[in-house]
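Undergrad: sequence plus predicted model, see below.
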Amino acid sequence: MNYEVQPATTLQGKIDLPADKSISHRSAMFAALHNGRSAITNFSEAADPHSTLDCLRRLGITIEEPGDNTVIVEGKGRDGLQTPSKDLDCGNSGTTMRLLSGIIAGSGVSARLTGDESLSARTMKRIIDPLTEMGAIIEAREADYAPLNINREGPVKPLYFPLPIASAQLKSCVLLAGLFGEDPTEVIETLPSRDHTERLLGLSIEEMDNKKVISASREDVIPEQSYRVPNDFSAAAFWLVAGAIHQDAEITLPAVGLNPTRTGALEILKQMDADITVANQQREGAEPIGDITIRSSSLKPVEITEEVVPNCIDEIPILAIAMLFTDGVSRISGAEELRHKETDRLHALAEMLEAAGADFEEFNDGLEIKGHTGFTPKPAVFDSYHDHRIAMSAAVLASMADDPSEIRDGECTAISYPGFWDDLQVLTN
Ligand SMILES: O=C(O)C1=C[C@@H](OP(=O)(O)O)[C@@H](O)[C@H](O)C1
Ligand SMILES: C=C(OP(=O)(O)O)C(=O)O
């Protein structure tokens, strides 16, 4: 369905963001592996974490949803998973497929993991290779894509694994399989990516020469996962940019996750001179949170380079929109990984910028964007490519036009942010 976006004159208000998607997935998976009950509050209502809940139920885990976004998981310990009688449908969620593959491979249950058209086109070789070294037997379409048939013979072999790409999904997948091995599996990280898995499981981390060695084995006790999930910084990013680029804006976002491995976009927006304040900083379980307020800003151009990309990987599309409204040239490089998300996000962005009449150049690993503070995007029918982050970035861009635009297949925002269109309405009224 197409969603209409009206030009916005003011953006004012307080938004209760959806719960963090990455932490919601992990809370449920780790609760299933814990021996006993966990009560997770503020669990995400979005589609992706619900794909994780459905898969865990098929693995024999009892999960109740008594309301008010509380999820009660009856964990059966790491040896309690049952071989599912049906496919594990991961829907649109790369995190579900990649993390669950680690758990399945480690636990030794046999399962077939499937996904929607977008997920079935995303590479799984990055997880198939290390899991195979650890003793899993994985059949995949063209040896790379879902459906994945996962089995294991013999014990889990420990792995010493320097990460070939800065991916939290790959890191987590290998560590989760490692949790089932007698001897420790070690993952070596040089460029930091989100560290929710390590935090929520309390894994041992050794820091040496700008590297982290994270280990996991059967010795690690899997803790209860009873906590409130922070609100999603990745959802906050859309309003941080919208607030910064609009002339009459003040938006407050309470209790947002502020894990430093996730908030690269906050630092980048500060470098761009965005008027951002963070208050009430505190901890929610293993994670830091705080209230963020953004006001209309005069933004400066910025460069995003490879080292910071993992800490703002999902926010790059919306940061590209911010770059349009600065006087000068901004550059995103080292972001080739965006071509392997729900869609090729660099290509989708290039199409969006073209439709809006922007001045830019596309590279294999990024974009160069020539902005100016008076930029007014052309109204257009923007294609979402069925990708939630592309749809929401296009909506923020379209809100700066002088006439209404449309976002094609805008319902895909429900993958991470089901209330997005309502919140846009609330802010502009
Ligand atoms: O671990 C996670 O929860 C995620 C890691 C990132 O993917 P990669 O690790 O593949 O970069 C990110 O893009 C995704 O939205 C969620
Ligand atoms: C890439 C994303 O998620 P996933 O990899 O879990 O599909 C995302 O949410 O932007």
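TA: Sure thing, it's come through. Ligands and ions are numbered 1, 2, ... in the order given.

Undergrad: is residue 331 in a helix, a strand, or coil?
TA: With DSSP: H, G, I helix; E, B strand; the rest coil as the basis, the three-state label of residue 331 is strand.

Undergrad: what pairs with it across the strands?
TA: When bridges are called by DSSP bridges, residue 331 pairs up with residue 303, residue 368.

Undergrad: and for the closest residue to residue 191 other than its chain neighbours, the neighbour number?
TA: Leaving aside its sequence neighbours, residue 191 sits nearest to residue 166 (C-beta to C-beta, 6 or more residues apart in numbering; 3.9 Å). Heads up, the C-betas are built off the backbone N, CA and C, glycines and all. A count of nearby residues for residue 166, using other C-beta atoms under 10 Å, gives 20.

Undergrad: quick thing: my sequence starts at 15, can you match it?
TA: Done: numbering now begins at 15, and the last item shifts to residue 180.

Undergrad: okay, residue 180: pLDDT?
TA: If you check residue 180, the pLDDT there is 97.

Undergrad: same question for the one 4 residues further on.
TA: Reading off the confidence values, residue 184 has pLDDT 98.

Undergrad: is it true that it touches residue 140?
TA: Yes. Under the contact definition of C-beta atoms under 8 Å, residue 184 touches residue 140, with a separation of 5.2 Å.

Undergrad: wait, is the residue nearest to residue 205 part of a strand?
TA: No. Read with three-state DSSP, residue 180 is coil and lies in no strand.

Undergrad: how close does it get to ligand 2?
TA: 14 Å (C-beta to the nearest ligand atom, to the nearest Å).

Undergrad: just list the residues touching that residue, thanks.
TA: Remark: with contacts taken as C-beta atoms under 8 Å, 6 or more residues apart in numbering, residue 180 is in contact with 203-207, 323-324, 351.

Undergrad: how about residue 413?
TA: Neighbouring residues of residue 413 by C-beta under 8 Å, 6+ apart: 19-22, 25, 256, 260, 438, 442.

Undergrad: let's go with 7 Å and repeat that
TA: With contacts taken as C-beta atoms under 7 Å, 6 or more residues apart in numbering, residue 413 has the following neighbours: 19, 21-22, 256.

Undergrad: just the ones in strands from those residues, please.
TA: In strands, judged by DSSP state E, the following of the contacts of residue 413 are found: residue 19.

Undergrad: just the contacts of residue 413 now: which is nearest residue 423?
TA: Relative to residue 423, the closest of those is residue 19; by C-beta to C-beta it sits at 13.8 Å.

Undergrad: the spatially closest residue to that closest one that is not a sequence neighbour: neighbour count?
TA: Taking C-beta to C-beta, 6+ apart as the measure, residue 19 lies nearest to residue 412, with 3.9 Å between them; neighbours along the chain are not counted. Residue 412: 30 surrounding residues under other C-beta under 10 Å.

Undergrad: hmm, residue 412 is touching residue 392, no?
TA: No. Taking C-beta atoms under 7 Å as the definition, residue 412 is not a contact partner of residue 392, at 9.8 Å.

Undergrad: before we move on, back to that, between the contacts of residue 413, which is nearest residue 397?
TA: Top of the list for closeness to residue 397, among the contacts of residue 413 and by C-beta to C-beta, is residue 19 at 13.7 Å.

Undergrad: next one: the closest one from ligand 1, what distance?
TA: In this structure, residue 19 and ligand 1 are 24 Å apart, going by C-beta to the nearest ligand atom.

Undergrad: return the residue of this protein that is most distant from the centre.
TA: residue 168 (33.4 Å; C-alpha atoms, centre = their mean).

Undergrad: do you know the pLDDT at residue 137?
TA: At residue 137 the predicted local distance difference test score is 98.

Undergrad: same question but for residue 223, I mixed them up
TA: At residue 223 the predicted local distance difference test score is 88.

Undergrad: OK, contacts around the residue nearest to residue 19?
TA: Contacts here follow C-beta under 7 Å, 6+ apart; on that basis residue 412 touches 19, 391, 393, 396, 419, 421.

Undergrad: near ligand 1, which residues of the chain are found?
TA: Of all the residues in the chain, those in contact range of ligand 1 (C-beta under 6 Å from any ligand atom) are 36, 109, 181-183, 186, 207-208, 327-328, 351.

Undergrad: how much space between residue 372 and residue 344?
TA: According to C-beta to C-beta, to the nearest Å, residue 372 stands 11 Å off from residue 344.

Undergrad: repeat for residue 245
TA: Relative to residue 344, residue 245 is positioned 28 Å away (C-beta to C-beta).

Undergrad: how about residue 386?
TA: From residue 386 to residue 344 the distance is 11 Å (C-beta to C-beta).

Undergrad: who has more neighbours out of those two?
TA: Under the neighbour definition other C-beta under 10 Å, residue 386 and residue 344 were set side by side, and residue 344 has more, 24 against 13.

Undergrad: give me the pLDDT value at the more buried one.
TA: Confidence score, pLDDT, at residue 344: 98.
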